[in-house]
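Asker: Need a 3D model of the following:
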Amino acid sequence: MIADTKRFRILALDGGQRGVLMARMLMRLHERLPGFLDRVDLFAGTSAGAMTAAIALTSPSWKTGLQRAHDFWSDAKFAKINPLQNILSLTGKFPLTSNAAMLEQLEIHLGDITLEKLSRKFVIPAFQLDNGAKDPVFRNWTPRLFHNLPLEGSGSNELLRDVVMRSGSAPIVSPAYQGYVDGGLYANNPSLCALALAKDYTGLPVEQIEIFSVGMGQNPIYLNKATDNLGYMDWFLDSGHAMAMLNAVAESNLKAISYQCGRLLESGFYRLDPRLPRAFYRKNEKQVRDDMTAWERIAAEVNLISAETWLINHGWQKPVKAKPVAKASPKVKAKAKSTPPPVRQSKVKPVRRSAAPTKPKPRAAKVVKVVAAEVPVAPPEIVAVTSEAPIKE
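Answerer: As a prediction, the model looks like this:
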């Protein structure tokens, strides 16, 4: 097991559409390794991952928080289709969905707490459409990292619900929020952003920083076209793969960032992101409910042994305190001192008359049962990535 001293631990949660799957996997890990979340120094979340972390961080306990996050994503309110919104989206002037239901639920769960009021460190990527610089030369759209670390430009005085909404506003699919869109455009996996901030905050070398990165499942999606002349119809309006461009951006930066962090941190980086048995697309409310059921089952079947082993070997599991040995009361001690030890009386053996010598009987050999001691064996060191074995549908 790696020593606990001078190690900075980061839990990074991806963005995506399968928040139920992520929340359920975290619930399972917490059940098996209670207290591992207490060892996290910095939480990082993009889009749905930011919302999951925010709900957990503002709850009275990890168990309650993870359950609330799971219930938040399993609620079908977000899947309801607004016919008028669909018609308006066809004009190209409106997004496909409204964010009203999402914002309403975040207000219920997060209230008016600001980022700086959180008891734990938290970083959230978002993308600002206009930085509002007075000099036209420096006015542009730009990535933003909101956090509550004591560093310049943190935005820690912002309402937590506003920050996570900014991070979770996917272009075209949802409206922009307060001039921001989804942080998944550049950091759908927030691990690398969190690593950079951790270095600025702690001054530690990368060898002393560890990241446990949790995804929402690898969707088996691709474009198989007979021609290389792909236009916007192929990238945005394909009947079998709508919004292929957005998915390509999100999936590619997930994998690229995982690779980069794996090379930088080597055994200090672990990626939990199971392969899904088929592609999932949200087309209507019924299909979303069916998908929710499938994600619940997949999360329950994911093999977490290697993830647990990595967490234990790297000291993320909170040590279990040994139970104190019960001490004898003063009365018992006094009684023991006052009671004299029993006197042994020697027994006089009777004298036997001599008899003819007899041949001694052979003594039976004493059988000694040898029991092998059970030696605890530490689990093997797991490096960087989890099993790639697909889960059957």
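
Asker: who touches the helix or strand that contains A101?
Answerer: For A101, the element it lies in under DSSP states H and E is helix 100-110. Contacting residues not belonging to helix 100-110 are listed as 51, 54-55, 58, 68, 72, 75, 77-78, 80, 159-161, 164-165, 168, 174, 177 [C-beta atoms under 8 Å, 6 or more residues apart in numbering]. For every residue, glycine as well, the C-beta is placed using N, CA and C.

Asker: then that helix to CSV, C-alphas only?
Answerer: The C-alpha trace of helix 100-110 is given here as CSV (Å, rounded to 0.1, in the frame of the first residue of the first chain):
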residue,chain,number,x,y,z
ALA,A,100,-36.6,24.6,-17.0
ALA,A,101,-37.2,21.2,-15.3
MET,A,102,-33.5,20.7,-14.7
LEU,A,103,-33.1,24.2,-13.1
GLU,A,104,-36.1,23.7,-10.9
GLN,A,105,-34.7,20.4,-9.5
LEU,A,106,-31.3,21.9,-8.9
GLU,A,107,-32.9,24.7,-7.0
ILE,A,108,-34.6,22.1,-4.8
HIS,A,109,-31.4,20.1,-4.2
LEU,A,110,-28.8,22.9,-4.0
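
Asker: Beyond that helix, next helix or strand please.
Answerer: Counting by DSSP H and E, the element after helix 100-110 in chain order, helix or strand, is strand 121-128.

Asker: count of residues packed around N99?
Answerer: N99 has 19 neighbours, counted by other C-beta atoms under 10 Å.

Asker: Give me the phi and psi angles of it.
Answerer: The phi and psi values for N99, taken as degrees, to the nearest 10, are phi -110, psi 10.

Asker: before we move on, what about K63?
Answerer: Backbone torsions of K63, given as degrees, to the nearest 10, read phi -60, psi -50.

Asker: Quick one: buried ones out of the contacts of helix 100-110?
Answerer: Buried subset of those (neighbour count, 16 or more other C-beta atoms under 10 Å): 51, 54-55, 58, 68, 72, 78, 159-161, 164-165, 168, 174, 177.

Asker: What segments of the stretch 1-150 of the chain are strands?
Answerer: Ranges of strands in the stretch 1-150 of the chain, per DSSP state E, counting those that start in this stretch, are 8-13, 42-45, 121-128, 142-147.

Asker: Highest mean neighbour count out of these?
Answerer: Looking across the strands of the stretch 1-150 of the chain with neighbours counted as mean count of other C-beta atoms under 10 Å, the highest average goes to strand 42-45: a mean of 28.

Asker: in what helix or strand does V164 lie?
Answerer: Using DSSP H and E, V164 sits in helix 160-167.

Asker: Which one, of the strands of the stretch 1-150 of the chain, ends up nearest to V20?
Answerer: With C-beta to C-beta as the criterion, V20 lies closest to strand 8-13 of these, at 13.3 Å.

Asker: sorry, back to before: which other helices and strands does the helix holding V164 contact?
Answerer: With contacts taken as 3 or more C-beta pairs under 8 Å, 6 or more residues apart in numbering; DSSP states H and E, helix 160-167 sits against helix 48-57, helix 100-110, strand 121-128, strand 142-147, strand 180-182.

Asker: could I get the third one in CSV with only the CA atoms?
Answerer: What follows is the C-alpha trace of strand 121-128 in CSV, where atoms were taken according to Å, rounded to 0.1, in the frame of the first residue of the first chain:
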residue,chain,number,x,y,z
LYS,A,121,-12.7,21.6,-2.7
PHE,A,122,-14.5,21.4,-6.0
VAL,A,123,-13.7,22.3,-9.6
ILE,A,124,-16.2,22.6,-12.5
PRO,A,125,-15.4,23.3,-16.2
ALA,A,126,-17.7,25.5,-18.3
PHE,A,127,-17.4,27.3,-21.6
GLN,A,128,-18.0,31.1,-21.8
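
Asker: Give me the average confidence score over it.
Answerer: Averaged over strand 121-128, pLDDT sits at 97.

Asker: Could you spell out the sheet neighbours of that strand, each with its direction?
Answerer: Paired strands of strand 121-128, with direction, are strand 42-45 (parallel), strand 142-147 (antiparallel), strand 180-182 (antiparallel) (DSSP bridges).

Asker: And the helix holding V164, how far out from the chain middle?
Answerer: Going by C-alpha atoms, centre = their mean, to the nearest Å, the spacing between the C-alpha centre of helix 160-167 and its chain's C-alpha centre is 19 Å.

Asker: ok, now stretch 178-190?
Answerer: Its chain's C-alpha centre and that of stretch 178-190 lie 19 Å apart, by C-alpha atoms, centre = their mean.

Asker: and A176, backbone torsions?
Answerer: According to degrees, to the nearest 10, A176 has phi -70, psi 160.

Asker: dump the residue contacts of the residue nearest in space to the middle of the chain.
Answerer: The centre of the chain sits closest to V214, judged by C-alpha atoms, centre = their mean, with a distance of 4.7 Å. By C-beta under 8 Å, 6+ apart, V214 lies in contact with L11, A12, L13, D14, M22, M25, L26, G49, L272, D273.

Asker: try it again with 7 Å
Answerer: V214 sits next to L13, D14, M22, M25, L26, L272 when contact means C-beta atoms under 7 Å, 6 or more residues apart in numbering.

Asker: Quick one: end-to-end distance for stretch 38-47.
Answerer: End-to-end distance for stretch 38-47, by C-alpha to C-alpha, to the nearest Å: 23 Å.

Asker: Quick one: mean pLDDT for it?
Answerer: What stretch 38-47 shows for mean pLDDT is 97.

Asker: excluding its backbone neighbours, what's nearest W141?
Answerer: Leaving aside its sequence neighbours, W141 sits nearest to L129 (C-beta to C-beta, 6 or more residues apart in numbering; 5.1 Å).
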